[in-house]
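Participant: Return a 3D structure for these sequence lines:
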Amino acid sequence: MADSDAPLIQLRRIIKTFGEGPTAFQALKGVDLEIAAGDFIAVMGPSGSGKSTTMNILGCLDVPTSGEFLFKGVHVEKLERDQRALLRRKYLGFVFQGFNLLARTSALENVELPLLYRGDPKAQRREAAMAALDKVGLKNWWDHTPAELSGGQQQRVAIARAIVTNPDVLLADEPTGNLDSERSVEIMELLTDLNKNSGITVLMVTHEPDMAAFARTIIHFKDGLVERIETGHHQGEAVTQ
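Facilitator: Numbers count the residues shown, from 1 in each chain. A predicted model of the protein is given here:
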């Protein structure tokens, strides 16, 4: 049983190397990181800084070359591929810049997909998907296809799909990257609401400081390491560690 006082996520001396021999590239050079349950974290850094590689490891989409990755006290780096997939399905939700919705499928059916893969009964899927759409303010748009929705609405459907399984952690990769500033703020307010009122831990990659300002913690990556961490962040107010 994991220690209830321990961080939700711990990375210890995480190294990730791509390739072998003289062409090998060390994307992560010994990352140490602790993430508390219920935090809202923005991950920032220039291209090649290691932020995306770290997010892929946190999302159980990739494994470190060495180091320890603990999730709820479980050593994820020791799990088999199928075990990591189960962890991903049960505890994690994903939101992408490009929405990744099925074009000819209704909002409701798009949101149902993770439950369909999980094998949930149809009636149960429908109820959960409608509840998720209601949470993102799109209950009355359940029968619309992505082409009938604005960019902001499509991202809301994508967020509903990510939260329909009641994940502990929502990983968002540039969730406002394809949206105008007004829609971007709406999405960030929605993520903030899900974090505060549903208790979902949010991990978001962004290159936009005004979007990062919605987070409580900002982690800056540089050259494969955590450069600095800003805590106590709220709408532009921060304390640097």
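Participant: Name the secondary structure element that contains the residue nearest to the spatial centre of the chain.
Facilitator: When C-alpha atoms, centre = their mean is applied to the chain, the residue found nearest the centroid is residue 171 (0.2 Å). Using DSSP states H and E, residue 171 maps to strand 169-173.
Participant: other SSEs contacting that strand?
Facilitator: Contacts defined by 3 or more C-beta pairs under 8 Å, 6 or more residues apart in numbering; DSSP states H and E place strand 169-173 against helix 51-58, strand 92-96, helix 151-163, helix 181-198, strand 201-205. Using the backbone N, CA and C atoms, a C-beta is placed for each residue, glycine as well.
Participant: Tabulate the ones you listed in CSV, adding columns for distance to residue 42.
Facilitator: Rendered in CSV, the data for those read as follows (distance: least, C-beta to C-beta, whole Å):
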stretch, distance to residue 42
helix 51-58, 10
strand 92-96, 14
helix 151-163, 16
helix 181-198, 10
strand 201-205, 5
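Participant: nearest to residue 141, of those?
Facilitator: Nearest to residue 141, of all these, is helix 151-163, at 6.6 Å by C-beta to C-beta.
Participant: what residues does the closest one touch?
Facilitator: 93-96, 99-101, 107, 110-111, 113-114, 129, 132-133, 135-138, 141, 144, 146, 149, 170, 175-176, 178-180, 183, 186-187, 190-191, 194, 198, 200 (C-beta atoms under 8 Å, 6 or more residues apart in numbering).
Participant: Only whichever of those are buried, select them in ChimeraX.
Facilitator: Selection of the buried residues among the contacts of helix 151-163 in ChimeraX, burial being defined by 16 or more other C-beta atoms under 10 Å:
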select :93,94,95,96,99,101,107,110,111,113,114,129,132,133,135,136,138,141,144,146,149,170,175,176,178,179,183,186,187,190,191,194,200
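Participant: picking that back up, pretty sure the residue nearest to the centre of the chain sits against residue 54.
Facilitator: No. Using C-beta atoms under 8 Å, residue 171 is not in contact with residue 54, being 10.6 Å away.
Participant: still on that earlier bit, may I see the helices and strands packed on strand 169-173 organised as JSON lines, with mean pLDDT added?
Facilitator: Shown next, in JSON lines, are the helices and strands packed on strand 169-173 (pLDDT from 0 to 100):
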{"stretch": "helix 51-58", "mean pLDDT": "94"}
{"stretch": "strand 92-96", "mean pLDDT": "92"}
{"stretch": "helix 151-163", "mean pLDDT": "93"}
{"stretch": "helix 181-198", "mean pLDDT": "92"}
{"stretch": "strand 201-205", "mean pLDDT": "96"}
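Participant: hang on, residue 129 packs against residue 106?
Facilitator: No. Using C-beta under 8 Å, residue 129 makes no contact with residue 106, being 9.8 Å away.
Participant: which neighbours do those two share?
Facilitator: The contact lists of residue 129 and residue 106 share residue 142, where a contact means C-beta under 8 Å, 6+ apart.
Participant: returning to what we had before: show me the one of the helices and strands packed on strand 169-173 that comes nearest residue 220.
Facilitator: Using C-beta to C-beta, the nearest of those to residue 220 is helix 51-58, at 8.8 Å.
Participant: can you give me the strands for the protein?
Facilitator: Using DSSP state E, the strands of the chain run over residues 9-18, 25-35, 40-44, 66-71, 74-75, 92-96, 169-173, 201-205, 217-222, 225-234, 237-240.
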